[in-house]
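Peer 1: show me the folded form of this:
(chains A and B)
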There are 2 protein chains.
Amino acid sequence: MPALPSHCPDLSTLYLGAADVARIVERIGLRASLVEVAARIGSALRRWPEFSKVARTADHSRQGVIELMPTSDAQDYAFKYVNGHPGNTRLGLPTVMAFGVLADVATGQPRLLAALSLATAIRTAAMSALVAQHLARPDSRTMALIGNGAQAEFQALAFAEMLGIRSLRLFDTDPAASARLVSNLHGQGLRLLTCASVAEAVRGADIVTTATADKALATVIRPEMVEPGMHFNAIGGDCPGKTELAAEVLRQASVFVEYEPQTRIEGDLQLLPADFAVTEFWQVLSGARPGRRSAAEVTVFDSVGFALEDHAVLGFLEQAALALGLGQRLQLLPPLADPKNLFGSLAPAAVSAAMRPVLLAA
Amino acid sequence: MPALPSHCPDLSTLYLGAADVARIVERIGLRASLVEVAARIGSALRRWPEFSKVARTADHSRQGVIELMPTSDAQDYAFKYVNGHPGNTRLGLPTVMAFGVLADVATGQPRLLAALSLATAIRTAAMSALVAQHLARPDSRTMALIGNGAQAEFQALAFAEMLGIRSLRLFDTDPAASARLVSNLHGQGLRLLTCASVAEAVRGADIVTTATADKALATVIRPEMVEPGMHFNAIGGDCPGKTELAAEVLRQASVFVEYEPQTRIEGDLQLLPADFAVTEFWQVLSGARPGRRSAAEVTVFDSVGFALEDHAVLGFLEQAALALGLGQRLQLLPPLADPKNLFGSLAPAAVSAAMRPVLLAA
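Peer 2: Here you go, the predicted structure:
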């Protein structure tokens, strides 16, 4: 491609494919990446009022959902494309596929396009552990992990690194999923126990993470499983008609959310009336509201995923890619000597008046 | 990159950069592309009830706006990213920069990522001309073109090709813009007259296209300029606080829109009360509502751009790229032998428990 005159601004977009993002995480280390992304999310949450917030747009079909999650602060606009199709694994496709974009608020120029499947798992686990640092009992060492799918290893390592979890009690309706998790976590210094039921896995745990994928009003956690002082990290219930906790479990707990209007629609909270009181977690970070108030209190993080977390992980990927020299450049924008002359970017042959229409449509 | 086992589904995304899209238009011809895209938009509008419709999300800042425009039918989900930053041309950047994605509704897999700056100008002009085929007088031969920026050539050629417009009366506050337009349209068989004022340009025109860029409640068209039988194609007023027609012009005309809830917020229609009656254009195409009813009627297409038009142009680009063998492949999704094993896509070194955190954030 010929070089542009030096007075032309750089209109290219940094592109990080799935392999580039994996390389970033490999170079920085997964545990360090989790810690770094958690720090960035925390820093963004402390600036909560600076971010534009809209509930994501969700396009539901019989097979699943496709969502767009935008947010911006004064500098950076970010959005994520993400789907959720529980039947995909039967086709050899991932349940969740995601990518995102970071753009300049001042000009609208898209600066970064990045694969976010891996990064979404990282930011979700980083957010879960960040929240648990403020809501779980400080002496928490054992976590139950219900649902041992694609998110499980990331949750396990985030809680190991950021909370000192040493023991995991695993359950999945598919024993092969638990077996894979045990194999993947080998050598991470974690004690792993595969359990025969949700109740057995939850028994005696300090923290309970639910990461199940069924698009249904499931009741994974029933009231009789709840023990005093437990913290529930409920990440699987994240769209209308998809929940994991019994309504009674929520009613008897202190419930924390990311962005209340979105969680009322998408979270386990959809099971409760609109006046059920919850706390937005950023208020805990900013000191405006208390987190855990006693060793016996039961806390729930009703996680659905919020655009600000993707904003933070996109910032992480951009800085890491530039520092490590990774990625390629896409030319999404036509290089125009005169930005008002879009037509001038076409070759003269394109606009020959003599050209005959060649219809593609039937 | 090593080949995947043949049983793995293709997870790649077809990428069409700005140069690929220009090549498609050059190979097919601009006039033929306009006709083809208009045919696809018309065909989609006739299936209007099959499409999911939400007003786009718009993120406004002091400098401009960034929007996401999603829609889907039973097969294809599409969204467009598009900004509007009137001050960009002073930085050598385009006012509008756009790209879009086409994905499978059944799986959520993103199939196409395409530059849409050029394609947006084409689909906007194709939609304008398609609407005018039903709303302008059939004997229309003269069009006033107010605002001679990046959209102007596309509007001119669409109306020349699809309506038989032979004469253009041009006005822009920047005489250089009109001069560039005259130069670009040389050899297209159009009579071109540059005028000293909006009023002079509009006088005697059959169709008036307004494509001005100021983010303001401008009154480009005043009531005394309106002549019986005129059709107004108002494409510049397209977000809150940005209008081109005097409220009185709308009140005395039959007003047609793309998607009423969105146009009430973003169109010139924002100047009128919520009960002012308008017609959604798809109803004219489907025969449910009349278009122009008499030679003296004044009609207005209050265009703001709707996601369905981008859905149609993305389908055009995908089919053309596959037929012409253009574009590259992006790997946005990690190639997973087991789709539930996202963690397994990382190299073992990434997850060494011994790795020390290397924080990037200050």
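Peer 1: count of neighbours near A:Arg293?
Peer 2: 9 (other Cβ atoms under 10 Å in any protein chain shown). Bear in mind the C-beta positions are built from the backbone N, C-alpha and C, glycine included.
Peer 1: residues contacting it?
Peer 2: A:Ser254 (Cβ atoms under 8 Å, 6 or more residues apart in numbering or on different chains).
Peer 1: give me the distance between it and A:Ser254.
Peer 2: 8 Å (Cβ to Cβ, to the nearest Å).
Peer 1: what does A:Arg56 give?
Peer 2: 25 Å.
Peer 1: cool, and A:Gly315?
Peer 2: Counting by Cβ to Cβ - A:Gly315 and A:Ser254 are separated by 31 Å.
Peer 1: more neighbours, the two?
Peer 2: Shown here are A:Gly315 and A:Ser254; by other Cβ under 10 Å, A:Gly315 has more neighbours (22 against 18).
Peer 1: do I have it right that the more buried one meets A:Asp76?
Peer 2: Yes: A:Gly315 lies in contact with A:Asp76 (Cβ atoms under 8 Å); the separation is 6.8 Å.
Peer 1: quick check: neighbours shared by these two?
Peer 2: A:Leu102.
Peer 1: show me what the stretch of helix or strand A:Lys80 belongs to is packed up against.
Peer 2: For A:Lys80, the host element (DSSP states H and E) is strand A:76-84. In terms of contacts (3 or more Cβ pairs under 8 Å, 6 or more residues apart in numbering or on different chains; DSSP states H and E), strand A:76-84 is packed against strand A:65-72, strand A:98-104, helix A:307-324, strand B:98-104.
Peer 1: partners of that strand in the sheet?
Peer 2: When sheet partners are counted by DSSP bridges, strand A:76-84 sits next to strand A:65-72 (antiparallel), strand A:98-104 (antiparallel).
Peer 1: what's the closest of the ones you listed to A:Phe276?
Peer 2: Among the strands paired with strand A:76-84, the nearest to A:Phe276 by Cβ to Cβ is strand A:65-72 (24.3 Å).
Peer 1: what angle do that closest one and helix A:307-324 make?
Peer 2: Angle of strand A:65-72 versus helix A:307-324, following axes from the mean of the first three to the mean of the last three Cα atoms, to 10 degrees, is 70 degrees.
Peer 1: only alpha carbons, please: show stretch A:337-350 as PDB.
Peer 2: Extracted as PDB, the C-alpha positions of stretch A:337-350 are listed here (Å, rounded to 0.1, in the frame of the first residue of the first chain):
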ATOM      1  CA  ALA A 337      -6.800  14.000   1.000                       C
ATOM      2  CA  ASP A 338     -10.000  16.100   1.400                       C
ATOM      3  CA  PRO A 339     -12.400  14.600   4.000                       C
ATOM      4  CA  LYS A 340     -15.400  16.200   2.300                       C
ATOM      5  CA  ASN A 341     -14.500  14.400  -0.900                       C
ATOM      6  CA  LEU A 342     -15.600  10.800  -0.200                       C
ATOM      7  CA  PHE A 343     -16.600  10.400  -3.900                       C
ATOM      8  CA  GLY A 344     -13.000  11.300  -4.800                       C
ATOM      9  CA  SER A 345     -11.800   8.000  -3.200                       C
ATOM     10  CA  LEU A 346     -13.400   6.100  -6.100                       C
ATOM     11  CA  ALA A 347     -11.500   5.400  -9.300                       C
ATOM     12  CA  PRO A 348     -12.900   7.200 -12.300                       C
ATOM     13  CA  ALA A 349     -14.000   3.900 -13.900                       C
ATOM     14  CA  ALA A 350     -16.400   3.400 -11.000                       C
END
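Peer 1: residues in contact with it?
Peer 2: By Cβ under 8 Å, 6+ apart, stretch A:337-350 touches A:5, A:8, A:334-336, A:351, B:18, B:22, B:25-26, B:29-30, B:88-89, B:92-95, B:117-118, B:121, B:149-154, B:177, B:180, B:184.
Peer 1: output the lowest mean pLDDT helix or strand found in chain A.
Peer 2: strand A:217-221 (a mean of 84; mean pLDDT, DSSP states H and E).
Peer 1: so after that one, what's the next helix or strand?
Peer 2: Next element after strand A:217-221 (DSSP H and E): strand A:231-234.
Peer 1: state the mean pLDDT of that next one.
Peer 2: Averaging pLDDT along strand A:231-234 gives 97.
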